[in-house]
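Peer 1: Pasting the sequence and the predicted model now:
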Amino acid sequence: MFFHHIITITLMCFSWIDNTVRIGTLVLVLHDVSDFWLEGAKLARYAKMSRLSSMFFAIFAAVWIVTRLGVYPYRILSYTFPCPLGEKCFPAFHLYNTLLGSLQILHIFWTFTILRVIYRALNTGETEDVRSDTDESENEASDDYTSPSKSEIGTGDGVVRENGNGCLLSGQANGDLLAK
């Protein structure tokens, strides 16, 4: 998902360098319109306000679909495909079209992901983040750790000992290495 950052930064840099700032500005405005609704939904979820979170996410999804699948392709992409100047377009124009088209492909992919979250929430009631499938498996492994009880702590083989103050010492830390 890092790819969209590369596309956006490249698009903004080229629009600034080539003095076609309107392209970069319009793309930024269209992308920022829906972002704060998603952040509001995340904040409400962290605050355990599930109804407010659901409401913000519904507004986010509606604004996302309208701006990125409606306004973006019909107001930005339609003016750049094909070249409005015919054969006299500058060479960087094709780079702009490639970047803008790549963003549209990512918009379609993310819309599918958003619709999957909505479908899952309506059918199962779960609103887990579908992007973090790998993070969950890492967190599950770390959540399974339990501290050893006093009966599990070795008492003569030098691996782990308790020093009487509730601290655990390894064999090397309490002088076993020097006694040998």
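Peer 2: Perfect, thanks for sending it. Residues are numbered from 1 along each chain as shown.
Peer 1: Now do the same contact list for residue 107.
Peer 2: Contacts for residue 107 were tallied using CB atoms under 8 Å, 6 or more residues apart in numbering; they are 68-69, 72. All C-beta atoms are positioned from the backbone trio N, CA, C, and that covers glycine.
Peer 1: what pLDDT, on average, does the strand or helix carrying it get?
Peer 2: Using DSSP states H and E, residue 107 sits in helix 92-124. Averaging pLDDT along helix 92-124 gives 88.
Peer 1: try stretch 21-41
Peer 2: Throughout stretch 21-41, pLDDT has a mean value of 87.
Peer 1: quick one on the thing from earlier: could the contacts of residue 107 go into a markdown table alongside pLDDT and neighbour count?
Peer 2: A markdown table is the format used below for the contacts of residue 107 (pLDDT from 0 to 100; neighbours: other CB atoms under 10 Å):
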| residue | pLDDT | neighbour count |
| --- | --- | --- |
| 68 | 92 | 22 |
| 69 | 93 | 14 |
| 72 | 89 | 20 |
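Peer 1: I'd say residue 45 and residue 53 touch.
Peer 2: Yes - using CB atoms under 8 Å, residue 45 is in contact with residue 53, at 4.2 Å.
Peer 1: ranges for the helices of this structure?
Peer 2: Secondary structure of the chain, counting by DSSP state H: helices at 3-17, 21-46, 50-66, 78-80, 92-124, 133-143, 176-179.
Peer 1: Would you mind getting the angle between the fifth one and helix 21-46?
Peer 2: Think helix 92-124. Here helix 92-124 runs at an angle of 20 degrees relative to helix 21-46 (axes from the mean of the first three to the mean of the last three CA atoms, to 10 degrees).
Peer 1: residues of helix 92-124 that come out buried?
Peer 2: For helix 92-124, burial by neighbour count (16 or more other CB atoms under 10 Å) applies to 93, 96-97, 99-100, 102-104, 106-107, 114, 117.
Peer 1: Check stretch 50-59 too.
Peer 2: Neighbour counts using 16+ other CB under 10 Å place 53-54, 56-57 of stretch 50-59 among the buried residues.
Peer 1: Out of these, which is nearest to residue 7?
Peer 2: residue 57 (24.9 Å; CB to CB).
Peer 1: ok so, going back, between helix 3-17 and the helix holding residue 107, find me the angle.
Peer 2: Using the same axes, to 10 degrees: helix 92-124 against helix 3-17 is 150 degrees.
Peer 1: Please name the spatially closest residue to residue 56 (chain neighbours excluded).
Peer 2: Using CB to CB, 6 or more residues apart in numbering and skipping the chain neighbours, the partner closest in space to residue 56 is residue 41 (3.7 Å).
Peer 1: Kindly report the same for residue 103.
Peer 2: Distance criterion CB to CB, 6+ apart; nearest residue to residue 103, sequence neighbours excluded, is residue 7 at 5.7 Å.
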